[in-house]
Every structure is written in C-alpha cells, then in structure tokens.
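structure for this input, please:
(3 chains)
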Amino acid sequence: MFKVYHEVLTLSTVRQFQLIDITKDVEKIVERSGIKDGICVVFAPHATGAIIANENEAGLLDDITTFVREFTESDREWKHNRIDDNAHAHIGSAVISSERVFPVIGWRLVRGTWQNIFFVEMDGPRPYRNVVVMVLGSIS
Amino acid sequence: MFKVYHEVLTLSTVRQFQLIDITKDVEKIVERSGIKDGICVVFAPHATGAIIANENEAGLLDDITTFVREFTESDREWKHNRIDDNAHAHIGSAVISSERVFPVIGWRLVRGTWQNIFFVEMDGPRPYRNVVVMVLGSIS
Amino acid sequence: MFKVYHEVLTLSTVRQFQLIDITKDVEKIVERSGIKDGICVVFAPHATGAIIANENEAGLLDDITTFVREFTESDREWKHNRIDDNAHAHIGSAVISSERVFPVIGWRLVRGTWQNIFFVEMDGPRPYRNVVVMVLGSIS
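Next comes the predicted model:
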C-alpha cells in the first residue's frame, strides 16, 4: 500500500556560510513514516541555501565552505548585489541544488558511510531555515 | 490512492545562454494532476540544458548567465568542440543537472518565495526544447 | 497499482577519475521492474563519486574529467587531505550530487538522445562501487 509522509525541520544559522548536519533528523522522519521501500526527498525551500550529502569531518566542512565561497565569488560585484548583498548565495543554491533524493529500503534511509546530510547556509545568519523531508513508498 | 501524471512543456530559445521561467506552467500541471501529496519532478531531456530553482530578478538572471558562461569556460578549446561547438553546455548540464524535484503538499507545489523554476539554455538558440513535468503521489 | 522495485549495480574503477556508462544497466532494471509510469532514481552511496547524465563521446568524457579535476582543485592542500588524500573528490560529489532522477513513461526510462547515465569516479581506483537503482510508480 502506498503512503506519503512529511515533516518540516526548522533550523537557525549563526554564520554567513555554515553546514548543519541533519542526518539524524532525516533518519528519524523516515522511521516515523512507517514506509518500507521508496524514496526520501530532502528539500530546502530557500534560494540561498542548498542540501548536500557528504562526510562530517571538521577539515572537510571547512574545505567545502571555502570552496563554495570561492566558487560563487562571494566578493564579486554581482548585479543582484545592487538589490540585496547575496548574489553569490543565489548562484550557489541554483547550481548545487536545494534538494537531494535518497532511496529507502527496508524501513531505512540508504546512504553511504560517509554520506551525512547537510543544509548548506550561504547567506546567514538566519533565525529560520526550513527543510521539508518527504517520504514516499510502500508500507508493506 | 496512488496516481502518476505528466505533461510535456515545449519551449523555444533565442540566445546561446537564456533562462526561461516555467514556474506557472509547472504549478498548473501540479493543479491539473489532482495529486494532493507527493513530489513533482521537472526534467529536461537535454544534455546541453539544465533545470534550476531561483529568484526571477533581472540582475540575478544576468549573474547566473555570466557565472555559467565563465564556469563552463565556453571559449576554451574543449576536445568535444572538434565534433560540435558546445562542450561547455554539456559540462554545464552534467554538473548543474537536468532535473529538480519538489514536494507537493495539499495540492500545491512546495517552493520558497524566491524559488522560481527555470529551464537553463546553454546551447541556444533552439526551436524545440522539452521539459517533462512528472507528478506522483496520493489523490486523497 | 503502486510498485517499488530496486536493484544494485556493482562496478569497479581503474583510474582516479573515470566515467562509467551505466545506461543499459539502468534501462534493463526499469524494464525488469514492470513499472509503467513513474520515476527512476539512480543513486551512488558514495561521498567521492557522483551520477551525471550526458553524452558518451570520447572527447567530451575527457573534457568532463578535466573539468572535474580542475574545478575541485585536486592538487590543492585541502584541510581534509591531512586525514585522507581525497578532499577534491568529496567536494565534487557534494556539489555534482550522488543522484539523478529520471521519468519513466510507458515502461521506458525517459532521457534525451545525448543523455547517457554515468557513474563519476573521482577517487579511484576502487574495487567496489555500488549504484542503487530505485524505480517507483504504477504497474498499470
């Protein structure tokens, strides 16, 4: 039998660039969904943030932050900055994507050993950031 | 009860790099699907285009175009250009991705205030570009 | 009627950077699923690999490899390299994404003429790499 289930996570960020590990929250939502086999969509309804899957190692989190900052040229005079000083964050969100999709098999989210799930803040600090976690599949 | 529904959008592009806002079309397809809760996959069957979600602000659209042009090094002598002069567009499509996935909750596509949906042309002009919009979920 | 079906592909890679075409394998799994309309998620449970869709042309595969190597700055002294010499591969996987999603319509995977599906190795050679192919949808 088919089921759809979702919950919304609420986060706050304290730095301009910040990676927040939401793996445990996502895994608990998959457990609570009762869905045996299907998929889990992790979606941030934000045009200046992103979702990625990768390793939670302090040095690497710094590397990813450095990469995103340089890659999006956060100190360049982008045209959008005449309106709002965050063009780099929009570019990062557009390219990296605000969503990732994971299989669910046997009531468990499928991910590699080094694939933790992160919300990527690129325009913080922000008191409210949401992540919609949607699980779809069969319950038996 | 589970339902799958899809429609295909047809676009034409007039410049080498161009962002076309398809948000309203995608939202209407979600409405017509009659699906209450699930997901919407927006997929371009093209290896030289992409789908992104971001803000429809004129300066930002210029910034994203500039970014993609520079990022993919559209004036570099890529090897693929011996065959077809569009390697940069293939690289952009491969990295940015030809698809984005959105939650559907309560008969509505879920997206942030600044998340419009765009087809990203990187090898235009083209008379025909398609976008497949696939909606899956429960109808009650 | 709703169905979920999955299979796991096993690959080995022989170079640091390598693109492996898995299109035929994915298409066979979609056929074996018996699913008529829905989606196919191609997911690599690896934080140093990625999945992309693009053209299988020798020059372009070299271009994409060159791009990924330069883009991720594989010879930079990333902090993660104090622990493991593969920060560039983690960055590439995080940004490009370990998954792609395709529509399934009329028992066929939907993809463009030039959209072959590839596993992107960025930290090879590796004896075992997996790709989870999950198909969801209606069987009639």
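
could you use CA atoms for every contact and neighbour count after this?
Noted.

who touches the closest residue to A:Lys36 other than its chain neighbours in this structure?
Of all residues not flanking A:Lys36 in the chain, A:Trp107 sits nearest, at 4.1 Å (Cα to Cα, 6 or more residues apart in numbering or on different chains). A:Trp107 makes contact with A:Val30, A:Glu31, A:Gly34, A:Ile35, A:Lys36, A:Asp37, according to Cα atoms under 8 Å, 6 or more residues apart in numbering or on different chains.

what residue in chain A comes nearest to chain B?
A:Pro45 (4.1 Å; Cα to the nearest Cα).

okay, now that residue: neighbour count?
Residues lying near A:Pro45 (other Cα atoms under 10 Å in any protein chain shown) number 22.

same check, this time on the one 4 residues further on
If you count neighbours by other Cα under 10 Å, A:Gly49 ends up with 27.

likewise for A:Ile91?
Neighbour tally, A:Ile91, other Cα under 10 Å: 29.

so it is in which element?
helix A:87-96 (DSSP states H and E).

that helix close to chain B?
Yes: for helix A:87-96 and chain B, the contact criterion (Cα under 8 Å from any Cα of the partner chain) is met by A:Ala87, A:His90, A:Ile91, A:Ser93, A:Ala94, A:Val95, A:Ile96.

stretch A:104-118: end-to-end distance?
18 Å (Cα to Cα, to the nearest Å).

name the SS class of the nearest residue to A:Asp25 once chain neighbours are set aside, please.
Once flanking residues are discounted, A:Asp25 sits nearest to A:Leu9: 7.8 Å by Cα to Cα, 6+ apart. The local conformation at A:Leu9, judged by DSSP: H, G, I helix; E, B strand; the rest coil, is strand.

so A:Leu9 touches A:Asn130, yeah?
Yes: using Cα atoms under 8 Å, A:Leu9 is in contact with A:Asn130, at 5.5 Å.

so, in contact with chain B or not, the longest helix out of those in chain A?
As assigned by DSSP state H, the longest helix anywhere in chain A is helix A:58-71. No: using Cα under 8 Å from any Cα, helix A:58-71 never reaches chain B; the gap is at least 8.7 Å.

mind giving me the packing neighbours of that helix?
strand A:18-21, helix A:87-96, helix C:87-96 (3 or more Cα pairs under 8 Å, 6 or more residues apart in numbering or on different chains; DSSP states H and E).

nearest residue to the middle of chain A?
A:Ile51 (2.3 Å; Cα atoms, centre = their mean).

that one contacts A:Asn116, correct?
No: using Cα under 8 Å, A:Ile51 is not in contact with A:Asn116; the gap is 10.6 Å.

count residues in the vicinity of A:Glu27, would you?
Other residues close to A:Glu27 by other Cα under 10 Å number 19.

list the contacts for A:His46?
Counting by Cα under 8 Å, 6+ apart, A:His46 has contacts A:Ser98, A:Arg129, A:Asn130, B:Arg111, B:Gly112, B:Thr113, B:Trp114, B:Gln115.

just these: which are in strands?
Residues of the contacts of A:His46 located in strands (DSSP state E): A:Arg129, A:Asn130.

among the contacts of A:His46, the buried ones, what's the ChimeraX command?
Command for ChimeraX that selects the buried part of the contacts of A:His46, burial taken from 16 or more other Cα atoms under 10 Å in any protein chain shown:
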select /A:98,129,130 /B:111,114,115
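
which among the contacts of A:His46 gets closest to C:Pro125?
Nearest to C:Pro125 among the contacts of A:His46: A:Ser98, at 30.6 Å, using Cα to Cα.

tell me the backbone dihedrals of the residue nearest to that closest one when sequence neighbours are not counted, please.
Using Cα to Cα, 6+ apart and skipping residues adjacent in sequence, the residue nearest A:Ser98 is A:Ala50, 4.1 Å away. With angles defined as degrees, to the nearest 10, A:Ala50 shows backbone torsions of phi -150, psi 170.

please tell me how far the residue nearest to A:Asp25 sits from A:Tyr128.
Counting by Cα to Cα - A:Leu9 and A:Tyr128 are separated by 10 Å.

go on, A:Met122?
A:Met122 is 14 Å from A:Tyr128, by Cα to Cα.

among these two, which residue is more densely surrounded?
A:Met122 (29 against 11).

B:Glu99 versus that one, what's the distance?
A:Met122 is 22 Å from B:Glu99, by Cα to Cα.

also A:Glu31?
Distance from A:Glu31 to B:Glu99, by Cα to Cα: 27 Å.

more neighbours: the two, which one.
B:Glu99 (24 against 15).

quick one, what contacts the more buried one?
Counted by Cα under 8 Å, 6+ apart, B:Glu99 has contacts B:Val41, B:Val42, B:Phe43, B:Ala44, B:Ala50, B:Ile51, B:Ile52, C:Arg100, C:Val101, C:Phe102.

filter those residues to the buried ones?
Buried, going by 16+ other Cα under 10 Å: B:Val41, B:Val42, B:Phe43, B:Ala44, B:Ala50, B:Ile51, B:Ile52, C:Arg100, C:Val101, C:Phe102, out of the contacts of B:Glu99.

who touches the residue in chain A positioned nearest to chain C in this structure?
Going by Cα to the nearest Cα, chain C is nearest to A:Gly112 of chain A, at 4.2 Å. By Cα under 8 Å, 6+ apart, the contact list for A:Gly112 reads C:Ala44, C:Pro45, C:His46, C:Ala47.
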